[in-house]
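S.K.: Fold the following for me, if possible:
(chains A and B)
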Amino acid sequence: MRWSNALIPTLKETPADAVAPSHSLLLRAGMVRQLGAGTYTYLPLGFRVLNKAIQIVREEMDAAGAQELLMPAVHPVELWQESNRFGIMGEILMKLNLSGEGGGPTHVLGPTHEEVITDVARDLIKSYKQLPLTLYQIQTKFRNEARPRFGILRTREFLMKDAYSFDADVAQLNQSYDAMYEAYCRIFDRCGFPYVAVEAESGPIGGDASHEFMVPCAIGEDVVIHCAKCSYAANREKAEIGQVAAAAAGEAAPYQEVATPGRKTIREVCEFLKLPEARSAKFLIYMADDRPIGALVRGDHELNEAKLRRVSKAERLVPADPGPIEKIAGASIGSIGPINLAQKIAVYMDRSVAALADVVVGANREGFHLTGVVPARDLTHGEVHDLRNAEKDDPCPRCGSAMELSQGIEIGHVFKLGTKYSDALNATFLNDKGAAVPLIMGCYGIGVNRILAAAVETGHDANGIIWPLNLAPYEVVLVPLQVQNAAVMEAAALLEQQFTEAGVDVLVDDREQRPGVKFKDADLIGIPLRVVVGERGLKDGTIEVKWRTDEAAHTVPAANAGETILAELQARHAAIAEKCNERRAERAASRNR
RNA sequence: CGGGGCGUAGCGCAGCCUGGUUAGCGCGCCUGCCUUGGGAGCAGGAGGUCACCAGUUCGAAUCUGGUCGCCCCGACCA
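M.R.: Numbering: from 1, shown residues only, chains lettered A, B, ... in the order given. Here you go, the predicted model:
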């Protein structure tokens, strides 16, 4: 491709709205352009990168034995009602009415495809002899995100690779899951990402085992908890917390009601009572599928809604509105507590509260709190669970060491679904005993656009993007410095031909621009290898070669420059492949251990 | 949905508070000259219903009300 013919609208200045490095650099490099909130055009250069990512994903999915298909984005609303996710998904679903008349939605735009694939499976998979089977697609998903963010990181419309496995039993499911997990590792190895696989919460997708693939990064929206000692790693939504010793329960006096006039928040109450926040507990009331429940966590801790949802066995868990809360507790938020509510609602208590010798809670009387509440004595009606978000230095659930906290971009997620959808949609097959049993499913997603975001977040410097070789829109940018000089252009054309014949993507910057402009743009768009052909070099019989990741350039003899440069490129590819193989071997070794 | 900010040329911004000829500046773009190894210089030029609607006024980019859009924080979340 000749730059003079290409649409590569680079920008000198950073667009004001771009906050994340990936956002501003993708805009400045002329790779994407915003249409509206959470909707982006991929310009030719950005689309080339997207296609590189798609190609890697496709190759590894195929290599893992998955078969590609393509499902529609427009789904009949009945299918979503059948799985009961029409309500659960809530506002995230983009709804359409295609009836030509009034009334409610007749269709939704697919935010994910468990329903559609299960519909395919219930019609087409009839026998255990057809199993195992893994199907995948690379397709646009639609989610009405409440708040699109950070350029292409969180958008309303995005490309997802979604795969679904169908198995006859749990052992087969485990094999299918492991094959996808391994394929994901290879994909992200090939992208050159410093990813980590962490235990994850499965969320509304359902199921009982799940891992997320995270790329560590400052703008990452997810919090990863990990233990440096035993390598336990989990999303904060999921991260368990090791046991903490319970305080010795001495002979304690009964609890007392004390006036806390006007003190609403934990901080205000604790300051007033001159107690640390860690000796108080907040009582939070949630609606668990329309049934009110209460959760008690220490004042200085955060409730983990996923954990509460799991122990309460709720499909949908949302904070209760103030009105119902006051009706239940007889006091406004700020004075509510767990004592004497056990008859009215289920109460769940975090282990850290249970471990306290005594604690301050709301009195369910406006402007009053109870001090000296002894959990072991006074809160016996509450179930005790791990209900809070892990914090830095909390004990590891495996080894007890202090855990650490970091941020990451979620680029992939694998789930064991079990029979959640096959049960809901009645997708059964005949097993080897002739019995009709539900298909056992897994699902596996990769946010393809996020591969670009993650690559730029982890690969950039002051001058611009630094694409990994396997994702770069072009591997080589060939820069003839004097386009009016016939010898320079001839040498460049020869190299272009050699690269093209070798199957190497090359961009020739044939623009009539001063060298500085070309160098700046080459750095900005992040092409891994820059080859400069100039009058000066040709006079000495040399061509300049510079890797985007290297500090300095080096020269190669002009006579056989094409071969030499192709050999360098091949060596880099080989090094990446070798590293991927090493990691693969490490994974195999750790599995056998 | 709550809080904050912003909307003036493709991009970055000034002008608005204190209303008044033809709305400016830088980058980019076009033409010419010149220059040619890290975003040069000079000269000329094109490009804007000042987000939209309504109001106040002799007169609105500027004041008032509303609407829409975008960004950030929070809530929410595959």
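
S.K.: so A:Asp62 sits in a helix?
M.R.: Yes. Assigned with DSSP: H, G, I helix; E, B strand; the rest coil, A:Asp62 falls within a helix.

S.K.: ok, it - how many residues close by?
M.R.: 13 (other Cβ atoms under 10 Å). In this view, the C-beta of every residue, glycine as well, is placed from N, C-alpha and C.

S.K.: was I right about A:Ile339 contacting A:Leu370?
M.R.: Yes. With contact defined as Cβ atoms under 8 Å, A:Ile339 and A:Leu370 form a contacting pair (6.3 Å).

S.K.: Please say which of those two ends up with more neighbours.
M.R.: Neighbours per residue (other Cβ under 10 Å) separate A:Ile339 from A:Leu370, with A:Leu370 holding more: 22 against 19.

S.K.: Each with direction, which strands does the host helix or strand of the more buried one pair with?
M.R.: Using DSSP states H and E, A:Leu370 sits within strand A:368-373. Using DSSP bridges, strand A:368-373 pairs in its sheet with strand A:256-259 (antiparallel), strand A:359-362 (antiparallel).

S.K.: CSV for these, including mean pLDDT?
M.R.: Output for the strands paired with strand A:368-373, formatted as CSV (pLDDT from 0 to 100):
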stretch, mean pLDDT
strand A:256-259, 90
strand A:359-362, 90
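
S.K.: Out of those strands, the one nearest RNA strand B is which?
M.R.: Across these, RNA strand B has its closest neighbour in strand A:359-362 (19.8 Å, Cβ to the nearest atom of the strand).

S.K.: Show me what that closest one is in contact with.
M.R.: Applying Cβ atoms under 8 Å, 6 or more residues apart in numbering, the contact partners of strand A:359-362 are A:269-270, A:273, A:275, A:279-281, A:283, A:296, A:298-299, A:329, A:331, A:334-339, A:353, A:368-371, A:373-375.

S.K.: picking that back up, list residues touching both of A:Ile339 and A:Leu370?
M.R.: Listed as contacting both A:Ile339 and A:Leu370 by Cβ under 8 Å, 6+ apart are A:Tyr255, A:Val361, A:Ala363.

S.K.: Neighbours of A:Pro375, how many?
M.R.: A:Pro375: 25 neighbours (other Cβ under 10 Å).

S.K.: ok now do it, which residues does it touch?
M.R.: A:Met349, A:Val353, A:Ala354, A:Ala355, A:Leu356, A:Asp358, A:Val359.

S.K.: what about the first one, helix or strand, and which?
M.R.: Translated: A:Met349. strand A:346-350.

S.K.: Show me what that strand is packed up against.
M.R.: Secondary-structure packing of strand A:346-350 (3 or more Cβ pairs under 8 Å, 6 or more residues apart in numbering; DSSP states H and E): strand A:291-298, helix A:305-312, strand A:383-385.

S.K.: who wins for proximity to RNA strand B among these?
M.R.: Closest to RNA strand B of the helices and strands packed on strand A:346-350 is helix A:305-312 (Cβ to the nearest atom of the strand; 5.8 Å).

S.K.: just checking, next helix/strand downstream of that closest one?
M.R.: strand A:317-319.

S.K.: Pull the distance from that next one to the chain's centre.
M.R.: 23 Å (Cα atoms, centre = their mean, to the nearest Å).

S.K.: Just checking: what are the partner strands of it?
M.R.: strand A:281-288 (antiparallel).

S.K.: ok, residues contacting the partner strand?
M.R.: With Cβ under 8 Å, 6+ apart as the test, strand A:281-288 has contacts from A:266, A:292-299, A:303, A:305, A:308-309, A:312-314, A:316-320, A:324-325, A:328-329, A:336-338, A:345, A:353, A:356, A:359-362.

S.K.: Would you mind identifying the next helix or strand past the strand holding A:Met349?
M.R.: helix A:351-354.

S.K.: Contacts for that following helix, please.
M.R.: A:241, A:243-244, A:246, A:281, A:296-298, A:301, A:359, A:375-376, A:379, A:384-388.

S.K.: Now, of the residues you listed, which are buried?
M.R.: A:241, A:281, A:296-298, A:301, A:359, A:375, A:379, A:384-388 (16 or more other Cβ atoms under 10 Å).

S.K.: for chain A, which helix is longest?
M.R.: Longest helix of chain A, by residue count under DSSP state H: helix A:561-592.

S.K.: Give me the helices and strands touching that one, please.
M.R.: So helix A:561-592, by 3+ Cβ pairs under 8 Å, 6+ apart, packs with helix A:170-190, helix A:486-501, strand A:529-533, strand A:542-547, strand A:554-557.

S.K.: any idea which of the buried ones among the contacts of helix A:351-354 is closest to A:Leu153?
M.R.: A:Arg388 (27.4 Å; Cβ to Cβ).

S.K.: isn't that closest one right up against A:Ala306?
M.R.: No. Counting by Cβ under 8 Å, A:Arg388 does not reach A:Ala306; the two are 11.1 Å apart.

S.K.: returning to what we had before: quickly compare the strands paired with strand A:368-373 and say which is most buried.
M.R.: Mean neighbour count (mean count of other Cβ atoms under 10 Å) peaks for strand A:359-362 among the strands paired with strand A:368-373, with a mean of 26.

S.K.: hang on, the earlier thing: from the shared contacts of A:Ile339 and A:Leu370, which is closest to A:Ala234?
M.R.: When the shared contacts of A:Ile339 and A:Leu370 are compared against A:Ala234 (criterion: Cβ to Cβ), the nearest one is A:Val361, at 29.6 Å.

S.K.: ok, how many other residues are close to A:Asp550?
M.R.: 11.

S.K.: now the one 4 residues further on
M.R.: Residue crowding around A:His554 was assessed by other Cβ under 10 Å; the count is 11.

S.K.: how much space is there between it and A:His107?
M.R.: Applying Cβ to Cβ, to the nearest Å, the value for A:His554 to A:His107 is 59 Å.

S.K.: what does A:Met180 give?
M.R.: 30 Å.

S.K.: How about A:Leu308?
M.R.: 34 Å.

S.K.: now do A:Arg291
M.R.: Counting by Cβ to Cβ - A:Arg291 and A:His107 are separated by 32 Å.

S.K.: Show me which positions of the lowest-mean-pLDDT helix or strand in chain A end up buried.
M.R.: Ranking every helix and strand in chain A by mean pLDDT, DSSP states H and E puts helix A:322-329 at the bottom, with a mean of 78. Buried residues in helix A:322-329, counted by 16+ other Cβ under 10 Å: A:Ile325, A:Glu326, A:Ile328, A:Ala329.

S.K.: Show me what that helix is packed against.
M.R.: Using 3+ Cβ pairs under 8 Å, 6+ apart, helix A:322-329 is in contact with strand A:281-288, strand A:291-298.

S.K.: if you set the cut-off to 6 Å instead, what comes out?
M.R.: Taking 3 or more Cβ pairs under 6 Å, 6 or more residues apart in numbering; DSSP states H and E as contact, there are no helices or strands that helix A:322-329 lies on.
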